[in-house]
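Peer 1: predicted model and sequence below, questions to follow.
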Amino acid sequence: FFDIKCRKAGLAPDAAVIVATVRALKYNGGADKKNLSAPDVQKLKAGAVNLIKHIENIKKYNVPAIVAINVFPTDTEEEISALKDICRVQGAAAAVSTVFADGSSGGIELAELVLKALEKQSEFRPLYDDNAGIKEKIETIATEIYGAKGVIFSPEAKLQLKKINKFGFGKFPVCIAKTQYSLSDNPNLLGRPQDFEITVRELKISAGAGFIVALTGDIMTMPGLPKIPAAAGIDIAENGSIKGLF
């Protein structure tokens, strides 16, 4: 959004909201995925390095970060308090969000923090310059945003990079397709991985959209349907009622 849409549309965001959950941070801290409901402040603190990196990333764009703590019924006051303290140390405002359980009233605290942030106009700037090459843009994203030590381009990606430059698309912004489970391209590297490299296996030209797609690791681009799609379970009864939508 920041490096493609804002660049093309001339948008300058004044704030960004990072949605975090106690459960996800405990998982990043090494908690068993099947036992995330169990209180564990230490695992939360260990996994908070992931959130801290996201806060740092938003600041790279000169935009203030507000953390929305999306609360689950099993979250304890001690865990929520510890998470707020972590955000405070990082200079990011944090608010509890209970909109799922309480509707709009559960988002008032968050909304007030966002409005306060909007009182001061940000000095938004994209991460990289338009005139940088595709390789440089990918390396900038990988090192600055993901925290990688470098980028490996497959032989196929290197050939595609030459074609991209030959066809005159070398100044396009870059969209990186990568696992959402890790800052790296390996879904098993949780928290804030260190000393890793990003592997670009393929480069695709989205000429109409106006950007280059870099595919990393074992990633599938949309649509990614399951073996048995939900449509297989949808039916209409004789009385006209529909089943299987939810």
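Peer 2: All right, it came through fine. Numbering: from 1, shown residues only.
Peer 1: please enumerate the strands of this protein.
Peer 2: 16-20, 65-70, 93-97, 150-153, 174-177, 197-206, 211-216, 235-236, 242-243 (DSSP state E).
Peer 1: let's have those in TSV, adding mean pLDDT and distance to D3.
Peer 2: (C-beta placed from N, C-alpha, C; glycine too.) Output for these, formatted as TSV (pLDDT from 0 to 100; distance: least, CB to CB, whole Å):
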stretch	mean pLDDT	distance to D3
strand 16-20	97	13
strand 65-70	96	17
strand 93-97	95	24
strand 150-153	97	16
strand 174-177	95	7
strand 197-206	96	14
strand 211-216	96	9
strand 235-236	92	44
strand 242-243	90	41
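Peer 1: rebuild these as TSV, extending it with distance to N35 and mean neighbour count.
Peer 2: Formatted as TSV, the strands of the chain follow (distance: least, CB to CB, whole Å; neighbours: other CB atoms under 10 Å):
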stretch	distance to N35	mean neighbour count
strand 16-20	19	18
strand 65-70	19	23
strand 93-97	23	21
strand 150-153	36	16
strand 174-177	31	19
strand 197-206	31	18
strand 211-216	30	22
strand 235-236	37	10
strand 242-243	34	10
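Peer 1: mind checking which of these is nearest N28?
Peer 2: strand 16-20 (10.2 Å; CB to CB).
Peer 1: show me what that closest one pairs with in its sheet, parallel or antiparallel.
Peer 2: strand 65-70 (parallel) (DSSP bridges).
Peer 1: follow-up on the earlier one: quick one: closest of the strands of the chain to M222.
Peer 2: Comparing the strands of the chain by CB to CB, strand 174-177 comes nearest, at 9.3 Å.
Peer 1: so what does the closest one touch, helix or strand wise?
Peer 2: helix 134-140, strand 211-216 (3 or more CB pairs under 8 Å, 6 or more residues apart in numbering; DSSP states H and E).
Peer 1: any chance of these in a markdown table, with distance to I55 too?
Peer 2: Shown next, in a markdown table, are the helices and strands packed on strand 174-177 (distance: least, CB to CB, whole Å):
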| stretch | distance to I55 |
| --- | --- |
| helix 134-140 | 19 |
| strand 211-216 | 23 |
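Peer 1: and of the ones you listed, who's closest to T74?
Peer 2: Set against T74 and scored by CB to CB, the helices and strands packed on strand 174-177 come closest in strand 211-216, at 33.8 Å.
Peer 1: which residues touch the closest one?
Peer 2: By CB atoms under 8 Å, 6 or more residues apart in numbering, the list of residues contacting strand 211-216 from outside reads 4, 134, 138, 157, 164, 169, 172-178, 185, 198-206, 221.
Peer 1: and the pLDDT at G224?
Peer 2: The confidence metric pLDDT takes the value 68 at G224.
Peer 1: scratch that, N35 is what I was asking about
Peer 2: Reading off the model, N35 has pLDDT 92.
Peer 1: make 793 the starting number, not 1.
Peer 2: Sounds good: first residue 793 from here, last item N827.
Peer 1: tell me how far it lies from I900.
Peer 2: Noted for N827: a distance of 32 Å to I900, by CB to CB, to the nearest Å.
Peer 1: counting neighbours, go ahead and name the busier of these two.
Peer 2: I900 (14 against 11; other CB atoms under 10 Å).
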